[in-house]
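1. Need the 3D shape of this:
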Amino acid sequence: MSADADEAAVTRVLQGDVSAFTGIVERWQGPLVNLAYRFVRDRGRAEEMAQEAFLRAFRGLGTWRRDAAFSTWLFAVATNLYRAEIRRIPPMVSLDEIAEPAAHDRLEGAIEAVERRRIVRRMLHSLPAKYRDALVLYYFHGSDVTATSRSLGLPEGTVKARLARGRDMLRSKLSRVLGTAEQKVPNETR
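-> Below is the predicted model of the structure:
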């Protein structure tokens, strides 16, 4: 579906055809749940957060100024909600993330990998929100700088600066916690 289809659906909803919002939900449910999952790493909670994002979007549909794509506005609404939600209830590490490898050597490696991921997530969530949000959208949701800047309502240069500063802060925290200079934090932006 195209941006035109989204705009047509919004127009129909604002004219009183509430059922037109169903198409928006069907089109954007997967991406919003995936984005929420990147924030909380819990599928059930991510689905609930996406549902709340759609509810907020529906209620605020008249505030979309149409100067950017509907999807950009929708992701901004969702991102703001998700940020508030993780401040309210921080994400937990799920036991489902721990695999049960057969061999002892693989078990040790799997435990180490799960522990590293847990530490990275903990360090990421300890960053100030302005850096964390940029990193989550860019690296974990796969947004480019332009989409990230639109979702956060910031100039692209500010997003690039926050990505660079956030990576540096995360690298520093990981270096202290892991006791190594080798971290899995990319050095360059896309």
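
2. So what's the residue count around Glu26?
-> 10 (other Cβ atoms under 10 Å). (Glycine included, C-beta is placed from N, CA and C.)

3. all helices in this protein, in order from the N-terminus.
-> Assigned by DSSP state H, the helices in the chain fall at 3-14, 21-40, 43-59, 70-88, 104-126, 129-135, 145-152, 156-178.

4. average pLDDT across the fourth one?
-> When pLDDT is averaged along helix 70-88, the result is 88.

5. Start at 707, not 1
-> With 707 as the first residue, the last one maps to helix 776-794.

6. With adjacent residues omitted, what lies nearest to Thr785?
-> Closest residue in space to Thr785, ignoring its immediate chain neighbours: Ser857 at 5.1 Å, by Cβ to Cβ, 6 or more residues apart in numbering.

7. what's the spacing between that neighbour and Ala867?
-> 16 Å (Cβ to Cβ, to the nearest Å).

8. Equivalent analysis for Gly766, please.
-> Applying Cβ to Cβ to Gly766 and Ala867 gives a distance of 29 Å.

9. what do you get for Tyr844?
-> Tyr844 is 12 Å from Ala867, by Cβ to Cβ.

10. per the record, what domains does the protein have?
-> The record's domain split for the chain, according to automatic domain parsing, is 709-794, 801-884.

11. returning to that earlier point: please say which of Ser857 and Ala867 ends up with more neighbours.
-> Legend: neighbour count by other Cβ under 10 Å for Ser857 and Ala867, higher for Ser857 (27 against 14).

12. Pull the contacting residues for the more buried one.
-> Thr778, Phe781, Ala782, Thr785, Leu843, Ser849 (Cβ atoms under 8 Å, 6 or more residues apart in numbering).

13. Which residue comes closest to the second one once chain neighbours are left out?
-> Closest residue in space to Phe781, ignoring its immediate chain neighbours: Ser857 at 4.7 Å, by Cβ to Cβ, 6+ apart.
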